[in-house]
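> Give me a model of this one.
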Amino acid sequence: MTFNKNYAIAAFAVLLLGLGVPMVAAQSSGIYNHESAGMVTLTTDVIDIRITGANTAPHFQWWDPNSADVDYHVKFVKMFEANDTNANGAFDHGEDIMIGAPFALPTTGWDFSGFDTETEGTNVTAIHFNFTTTETYDPRPGGSSGDYGSLPNMTEFDVYMEIRVHMDMENPGEFKFDVIVDGWEWTYDESLLVLQFTVTQSNHGQSGGTDAPAGFQHTGTKFSFNNGYIEYEETALAAQNTLEVKASYGEGTGLEAGESIYLAFENFGNETLVYDPVIGIVPADGFPLDTILLLVGGAIVVVVILVLVIKMRK
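All right, here's what the predicted structure looks like:
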């Protein structure tokens, strides 16, 4: 009789575990997404993201929903052509010289594509969308009437730019954004094209930040700060050709307050540039919420089994 009771308990325990694990795993609800007036909101168990691209240059804001004290901000500022004084492939602020006027990224005219989603049941498991704009750029200092000295063949031209955002539940604490640039007309064949954006932090809920993020450091191909990070690739693509990309940074002031990051691309001629950095959060508690729920669910199952064992022995 004792054997039969133990056998029944063991069989029931296996059944509970089989039911409990899917039940707990189902608590992960995929990616919540919403768009209104050019502002996109993305949410998972480990990261909240707000992306603005309607009446401002693209602005990424993200935070840890399980420790919502600090928000991080990335604001795209400008692109410009620069010489490479020491031929190291990076833009060295204070040494390398900007060629012509900078292309200040437009604050209007960004078109939102709408969401392209992948689902499993009712859960969104991956999402893709983009903001695009075409802007006329005059690289001559002072515009068409300005004095641009010996700069050759400099005239205004149209620049097409696209920011493509990708996110999936395989990496629920981060998202990738592709930067697409087309139509750039070079002044010199040896120049670099530099994309500058700022990284700041604010108290949670503020729409913008002016403080440099605490603990900011550059290690390998990652800029990290507290539990936030930006990771970049060392190569980009242009017509299936691989280009070298190097990053540098420096403390900004005024409208460029915080830390300025400069991504320098080698000359890609008249081709289309495609590049894809990553932004993310390292969960403050060290475990994603769905993992915690799984552990709690497992503990509940163990407690139920122990209660049954005690009752059967009476």
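> Which other helices and strands does the helix or strand hosting residue 201 contact?
Assigned by DSSP states H and E, residue 201 falls within strand 192-203. Judged by 3 or more Cβ pairs under 8 Å, 6 or more residues apart in numbering; DSSP states H and E, the packing partners of strand 192-203 are strand 70-82, strand 222-225, strand 258-266. For glycine as for every other residue, the C-beta is placed from the backbone atoms N, C-alpha and C.
> Could you export those as a markdown table, including mean pLDDT, distance to residue 136 and mean neighbour count?
Shown next, in a markdown table, are the helices and strands packed on strand 192-203 (pLDDT from 0 to 100; distance: least, Cβ to Cβ, whole Å; neighbours: other Cβ atoms under 10 Å):
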| stretch | mean pLDDT | distance to residue 136 | mean neighbour count |
| --- | --- | --- | --- |
| strand 70-82 | 94 | 14 | 22 |
| strand 222-225 | 97 | 32 | 18 |
| strand 258-266 | 95 | 21 | 22 |
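> Reformat those strands as TSV; add distance to residue 173.
Shown next, in TSV, are those (distance: least, Cβ to Cβ, whole Å):
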stretch	distance to residue 173
strand 70-82	13
strand 222-225	13
strand 258-266	20
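> ok, then the element right after the strand holding residue 201?
According to DSSP H and E, the helix or strand after strand 192-203 is strand 217-219.
> still on that earlier bit, can you check what angle separates the strand holding residue 201 from strand 258-266?
Put simply, strand 192-203 runs at 160 degrees to strand 258-266, going by axes from the mean of the first three to the mean of the last three Cα atoms, to 10 degrees.
> Tell me the buried residues in the longest strand anywhere in the chain?
When the chain is parsed with DSSP state E, its longest strand is strand 123-137. Within strand 123-137, the residues that count as buried by 16 or more other Cβ atoms under 10 Å are 124, 125, 126, 127, 128, 129, 130, 131, 132, 133, 135, 137.
> Thought residue 276 was touching residue 178, still the case?
Yes: assessed by Cβ atoms under 8 Å, residue 178 is found in contact with residue 276 at 4.6 Å.
> and those two? which has more neighbours close in?
Between residue 178 and residue 276, counting by other Cβ atoms under 10 Å, residue 178 is the more crowded of the two (18 against 15).
> Can you give me the pLDDT of residue 110?
The per-residue pLDDT reported for residue 110 equals 89.
> That one: neighbour count?
Neighbours of residue 110 using other Cβ under 10 Å come to 23.
> again with the one 3 residues further on
By the other Cβ under 10 Å criterion, the neighbourhood of residue 113 contains 14 residues.
> In space, what's closest to it - neighbours in sequence excluded?
Of all residues not flanking residue 113 in the chain, residue 130 sits nearest, at 4.7 Å (Cβ to Cβ, 6 or more residues apart in numbering).
> Look up how far residue 86 lies from the one you found.
In this view, residue 130 and residue 86 are 36 Å apart by Cβ to Cβ, to the nearest Å.
> Just list the residues touching residue 77, thanks.
57, 104, 105, 196, 197, 198, 255, 256, 260 (Cβ atoms under 8 Å, 6 or more residues apart in numbering).
> I figured the fifth one hits residue 79, correct?
Same thing as residue 197. No: between residue 197 and residue 79 there is no contact under Cβ under 8 Å: 10.0 Å.
> How about the residue most central in space within the chain, nearest residue that isn't a chain neighbour?
Per Cα atoms, centre = their mean, the C-alpha nearest to the average position across the chain is that of residue 279, at 3.0 Å. Spatial nearest neighbour of residue 279, chain neighbours left out: residue 230 (5.4 Å); criterion: Cβ to Cβ, 6+ apart.
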